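1. Fold the following for me, if possible:
(2 chains)
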Amino acid sequence: MTSIHPKDCERYREEFLVALDRASDAEGVSGRGVVHAEPCESCTVWREETLLVTGILGSLDRLVAPPQLEACVAEDISTGAGALQAVLRGLEPQTAPAELDLLLAQELTELAKEGAPPKLTSLLEELPRQKAPLVLERLVSEELADSEKAISKRFVGGLFRHISPDQLEARLHSALRSEGLPLIPRLRLLKWGSAAAAALVVWVSVPAFQAKATPKYHFEVVEVANLQEITPFVRALASDLAGGMLGGMQPKVESKETDGGGSL
Amino acid sequence: MTLSALGLLGGCGTQVLGSASQGTDILVQVQEAPSTTKHQGVRRVESFYNLSGKSDAVSYREKITTDGQGNFSTRPLEVISGATVPDDEFLYLQKAREGFNWRYRDFLVRDLASFLENYKLQSWGKSVAIAGRTCIELEIARKDGSSRWEVAMDVETGLVLSYKEYDRNEHLYSSMVYESVDFAPDVSGVTFHQLGNNELSLTGAVDPTALLGFAPLTPKLLPNSGFHFLAAYRIQDQDGKVWAKLEYTDGVQTVLFLDSGFDPKKTSQAAAGASPSSQGGATPERLQMFRVGPVTVLQGQVLGHGIIAVGKVPQLDLQILVESALH
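-> Numbers count the residues shown, from 1 in each chain, chains lettered A, B, ... in the order given. You can find the predicted model right below:
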């Protein structure tokens, strides 16, 4: 006995409905998928019910919707307002089965082989062109402007969100309540405390940044207006470097051979 | 050693040196010639500076003699113009500054590696006659554009027979030119320069602290215009005080940093009651600054150390130099 997989049931039922839709006689498809249906009690029941409903619906007279209904629906959809639009937005989007693409491709191929212009293609061309909403254009522009960011954002958004363990929440509440303050004010205190800490870091670091441009010296510099305030030793040094511009001190020269005044 | 210079002669206009090795050869000649070339000559020295906002200049003649063995003698002959003291006093002072002038006043490639880092050499390929000698003109410019030198180098010996120093605004700072030169002089009877400040080189010394008697302050941040440490010395001033002298160079220019060591009596607390005159007019924890043309000087007492910083660099560079030594 083969094992039954949920995918097998889904595939069987889809094939059954397609065949049912094509066949003029519902009884003609009753034997399809007997390999799957027979051992699968669920699909057996479903098949019987489907055949019964299809037969009942097929025997009913067809009624034509009043013209006003079509106009009302068109108006409701085009204005974007109304309960119908709200209902449509609330519907869960359905994904077309992959087999639809195959069937469509086959249809187009067959039409092309007949030599006539594909009927479906011409019908599609006759459909009015719908303009993409402005928000789509904005999203596409953002995507193109920074595709890496967009990819990262989608990736992060698709990550599984873990739920924090209950013990963490309990521990947090316990810690907050231990100081006797209600929870909400304590959360506010945490929030403002974090902000204050961040501000302190910035305040402390700003002088450091400023210090790079204006270093703190161990001394202050005073420009001398009267060169006589300068020690003779230094005055002579500066004068030497300046090629003898300044009159210097009288050096203590021991001997004419020694370099008493050129002391550097 | 003259071939590379001779190869540059001829032609007109400005041309960049053809090869790096050719330029380096010339620079080596310029660097070594003063110590290795025996000669005697008379040269005119001129300085043009702004002193306290007033343009000033001084011009004098001196006689120079070298024996080609590293010994030298300079004897001021006469003041031409601009001396701020009586002529005889000026000449006497210039004689007293003989050693300093020899080391720091004239154009010299003081460190080849630093020079190549900070300066660029262009040869005009133009020959000029200086004191009857065939010379080749060189233009040497600092890469940052802060200074420029026009140098005439003797083709045969490599000796610089004239130079002109310009700042970035093309203001002429100083100049020197030989008016006569003899490369085969009789140097007998010449009294060559003797060190009179008990100078002792500390470069390579095993224990500089022991030689100084104190641990000297050492700058960590040099002027950010390409200066590098060159040499360290122990010297004594006229009062016998010992100083550590650190020399920094960019290849041509020199910055000096001097430290007299820590003296607890010279801290800000101890000096609070001292008379200003005993501090040379300097208040503790305060440096006096003055300028003589392009030369900036900082001097004073900081954290018990006597400090002097001097050089042809901006004031801020010297402040940073001194402050970095205190850390």
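2. And what about B:Val252, helix, strand or coil?
-> coil (DSSP: H, G, I helix; E, B strand; the rest coil).
3. Ok, the one 3 residues further on next?
-> Following three-state DSSP, B:Val255 is assigned to strand.
4. That one touches B:Ala309, doesn't it?
-> Yes: the criterion here is Cβ atoms under 8 Å, and B:Val255 meets it with B:Ala309 at 7.4 Å. From N, CA and C alone the C-beta is placed, and that goes for glycine too.
5. anything in contact with each of the two?
-> Both B:Val255 and B:Ala309 are contacted by B:318, B:321, under the criterion Cβ atoms under 8 Å, 6 or more residues apart in numbering or on different chains.
6. Now tell me what touches the helix or strand B:Ile320 falls within from outside.
-> Assigned by DSSP states H and E, B:Ile320 belongs to helix B:315-325. Around helix B:315-325, the neighbours that count as contacts under Cβ under 8 Å, 6+ apart are A:215, A:217-219, A:221, B:217-225, B:255, B:257, B:259, B:287, B:289, B:291, B:296, B:298, B:302, B:307, B:309-311.
7. Could you list everything B:Val177 pairs with in the sheet?
-> B:Arg44, B:Ser162 (DSSP bridges).
8. Just the pLDDT for B:Glu165.
-> For B:Glu165, the model assigns a pLDDT of 92.
9. oh sorry, the question was meant for B:Leu161
-> 96.
10. Need the phi and psi values for B:Arg97.
-> Main-chain torsions, B:Arg97, degrees, to the nearest 10: phi -90, psi 20.
11. And the helices in chain A?
-> Remark: helices assigned in chain A by DSSP state H are A:6-22, A:34-37, A:41-59, A:67-79, A:83-90, A:98-113, A:119-126, A:134-145, A:147-157, A:166-177, A:183-213, A:232-241.
12. worst average pLDDT in the ones you listed?
-> helix A:183-213 (a mean of 43).
13. pLDDT below threshold where in the stretch 51-200 of chain B?
-> Confidence mapping of the stretch 51-200 of chain B against pLDDT under 70 gives the ranges B:51-55, B:123-125, B:196-197.
14. Okay, helices next: where are they in it?
-> B:87-96, B:98-100, B:112-118 (DSSP state H, counting those that start in this stretch).
15. What are the buried residues along stretch B:72-81?
-> For stretch B:72-81, burial by neighbour count (16 or more other Cβ atoms under 10 Å in any protein chain shown) applies to B:72-76, B:79.
16. how does chain A divide into domains?
-> Residue ranges for the domains of chain A, per automatic domain parsing: A:6-57, A:169-213, A:220-248.
17. Does B:Gly306 touch B:Ser260 like I think?
-> Yes: counting by Cβ under 8 Å, B:Gly306 touches B:Ser260, with 3.4 Å between them.
18. Show me the contacts of helix B:315-325 that map onto strands.
-> Within the contacts of helix B:315-325, residues falling in strands by DSSP state E are A:221, B:255, B:257, B:259, B:287, B:289, B:291, B:296, B:298, B:302, B:307, B:309-311.
19. Including mean neighbour count, could the helices of the stretch 51-200 of chain B go into JSON lines?
-> What follows is these, written out as JSON lines (neighbours: other Cβ atoms under 10 Å in any protein chain shown):
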{"stretch": "helix B:87-96", "mean neighbour count": "20"}
{"stretch": "helix B:98-100", "mean neighbour count": "23"}
{"stretch": "helix B:112-118", "mean neighbour count": "17"}
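20. who wins for proximity to chain A among those helices?
-> With Cβ to the nearest Cβ as the criterion, chain A lies closest to helix B:87-96 of the helices of the stretch 51-200 of chain B, at 2.5 Å.
21. pull the CA atoms of that closest one into PDB?
-> Only the C-alpha atoms of helix B:87-96 are listed here, as PDB (Å, rounded to 0.1, in the frame of the first residue of the first chain):
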ATOM      1  CA  ASP B  87      81.200  98.500  13.300                       C
ATOM      2  CA  ASP B  88      84.000  97.200  15.400                       C
ATOM      3  CA  GLU B  89      81.600  95.700  17.900                       C
ATOM      4  CA  PHE B  90      79.700  94.100  15.000                       C
ATOM      5  CA  LEU B  91      82.800  92.600  13.600                       C
ATOM      6  CA  TYR B  92      83.900  91.300  16.900                       C
ATOM      7  CA  LEU B  93      80.500  89.700  17.500                       C
ATOM      8  CA  GLN B  94      80.600  88.100  14.000                       C
ATOM      9  CA  LYS B  95      84.000  86.600  14.900                       C
ATOM     10  CA  ALA B  96      82.500  85.300  18.000                       C
END
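22. so that helix versus helix A:232-241, what angle?
-> Counting by axes from the mean of the first three to the mean of the last three Cα atoms, to 10 degrees, helix B:87-96 points 90 degrees away from the direction of helix A:232-241.
23. Tell me which other helices or strands helix B:87-96 touches.
-> On a contact count with 3 or more Cβ pairs under 8 Å, 6 or more residues apart in numbering or on different chains; DSSP states H and E, helix B:87-96 meets strand B:54-67, strand B:72-81.
24. Just send these back as TSV, with distance to chain A too.
-> Output for the helices and strands packed on helix B:87-96, formatted as TSV (distance: least, Cβ to the nearest Cβ, whole Å):
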stretch	distance to chain A
strand B:54-67	6
strand B:72-81	9
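25. Present those strands as CSV; the columns should include distance to A:Glu14.
-> As requested, those are arranged in CSV below (distance: least, Cβ to Cβ, whole Å):
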stretch, distance to A:Glu14
strand B:54-67, 103
strand B:72-81, 109
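26. Which one of these lies nearest to A:Val140?
-> When those are compared by Cβ to Cβ, strand B:54-67 sits nearest A:Val140, at 71.1 Å.
27. Spell out which residues of the stretch 101-250 of chain B are next to chain A.
-> Within the stretch 101-250 of chain B, the positions adjacent to chain A are B:101, B:104-105, B:174, B:191, B:193-197, B:235-239, B:245 by Cβ under 8 Å from any Cβ of the partner chain.
28. Identify the farthest-apart pair in these.
-> The largest separation in these, counting by Cβ to Cβ, is between B:Ser174 and B:Asp239 at 30.1 Å.
29. Those two - which one has more neighbours?
-> Per other Cβ atoms under 10 Å in any protein chain shown, whichever of B:Ser174 and B:Asp239 has more neighbours is B:Ser174, with 24 against 9.
30. Contact partners for that one?
-> Contact analysis of B:Ser174 by Cβ under 8 Å, 6+ apart lists A:243, B:45-48, B:105, B:164-165.
31. make it 10 Å
-> Applying Cβ atoms under 10 Å, 6 or more residues apart in numbering or on different chains, we find B:Ser174 in contact with A:242-243, A:245, B:45-49, B:57-58, B:105-107, B:149, B:163-166, B:293-294.
32. And B:Val42, by the same measure?
-> Contacts of B:Val42 by Cβ under 10 Å, 6+ apart are B:61-64, B:75, B:77, B:131, B:178-182.
33. of all these, which comes closest to B:Asp207?
-> Using Cβ to Cβ, these come closest to B:Asp207 at B:Ile64, 37.3 Å.
34. I'd say the closest one and B:Arg44 touch.
-> No: in this structure, B:Ile64 is not within contact of B:Arg44 by Cβ atoms under 10 Å, at 11.5 Å.
35. hmm, the biggest helix by length in chain B in reach of chain A?
-> Of all the segments of type helix in chain B, defined by DSSP H, the longest one is helix B:20-36. No: for a cut-off given as Cβ under 10 Å from any Cβ of the partner chain, helix B:20-36 has no contacts with chain A; the smallest distance is 16.3 Å.
36. quick check: mean pLDDT across that helix?
-> Average pLDDT, helix B:20-36: 80.
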